[in-house]
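>>> have a look at this prediction, sequence included:
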Amino acid sequence: MATSLVLVVLLGLFGLVLLVALITVIWGVGVYNRFVELRNRYQNAFSQIDVQLKRRYDLIPNLVEIAKGYLKHERETLEAVIAARNQAAAASQRVGGNASDAAAMQGLMTAESGLTGALGRLFAVVEAYPDLKANQNMMQLSEEMTSTENKISFARQAYNDAVMVYNTAIEVFPAGLVARMFNFARAVLFEITDPGQREAPKVQFT
């Protein structure tokens, strides 16, 4: 009788352990899938930034080419813009659309800060050349640049919001245990590294 009772108790405990294990596995799978979903979401948000950055990289050489005919004594400024543009484009290629690469993302943000500063200096110089400001091609490009800068700003905000949700999800307990087990690393916010260069370059000519 006693043996039967012990056996029943052991079977009950075994069943309880199996139930707990099953619940844990189901929970873990759900948490894992949630992390994948959030990672895909911020990766997709970054792809929207990437599209607009490439659009800006394409516009800049045209902008410099038009300005070159007027800014004959500002060669250093124009060369600085092209150099910064090339560095940013190369940094963007290193990221390759994969915002999970923290080092590459940091390089892109640094390069973008340099480009933003170089563009700001160029447009400050352009303000002193009325004929260049009135050039139809320059005015059209300035409008396209303004539109692109605004789209970059909105896309960056959407990306950073998605990153914050993802980072919070992988850090809270106990879900963070699953994140560490499957190497879900923190994502990097897309921020301008120099506080003095956080604003988009002003491209409206008055």
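Okay, I see it.

>>> how about Leu11, secondary structure?
Assigned with DSSP: H, G, I helix; E, B strand; the rest coil, Leu11 falls in the helix class.

>>> which parts of the protein are helices?
Taking DSSP state H, the helices of the chain run over residues 2-68, 75-95, 102-126, 130-134, 136-171, 175-181.

>>> mean confidence score for the longest one?
Going back to what we said before, that points to helix 2-68. Averaged over helix 2-68, pLDDT sits at 88.

>>> same for it, what does it pack against?
helix 75-95, helix 102-126, helix 136-171, helix 175-181 (3 or more C-beta pairs under 8 Å, 6 or more residues apart in numbering; DSSP states H and E). For glycine as for every other residue, the C-beta is placed from the backbone atoms N, C-alpha and C.

>>> compare these and give me the one nearest Leu19.
Leu19 lies closest to helix 175-181 among those, at 19.7 Å (C-beta to C-beta).

>>> make CSV out of the helices of the chain and add distance to Glu191.
Below are those laid out as CSV (distance: least, C-beta to C-beta, whole Å):
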stretch, distance to Glu191
helix 2-68, 12
helix 75-95, 15
helix 102-126, 6
helix 130-134, 31
helix 136-171, 8
helix 175-181, 23
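
>>> what's the most buried one of these?
helix 102-126 (a mean of 19; mean count of other C-beta atoms under 10 Å).

>>> looking at the helices of the chain, which is nearest to Leu189?
helix 136-171 (5.1 Å).

>>> gap between that closest one and the chain center?
9 Å (C-alpha atoms, centre = their mean, to the nearest Å).

>>> domain assignment for this protein?
Using automatic domain parsing, the domain parsing of the chain gives 1-32, 41-197.

>>> can I get the helices and strands packed on helix 2-68 in CSV including distance to Arg55 and mean pLDDT?
Listed next are the helices and strands packed on helix 2-68 as CSV, based on distance: least, C-beta to C-beta, whole Å; pLDDT from 0 to 100:
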stretch, distance to Arg55, mean pLDDT
helix 75-95, 11, 94
helix 102-126, 13, 92
helix 136-171, 5, 94
helix 175-181, 34, 92
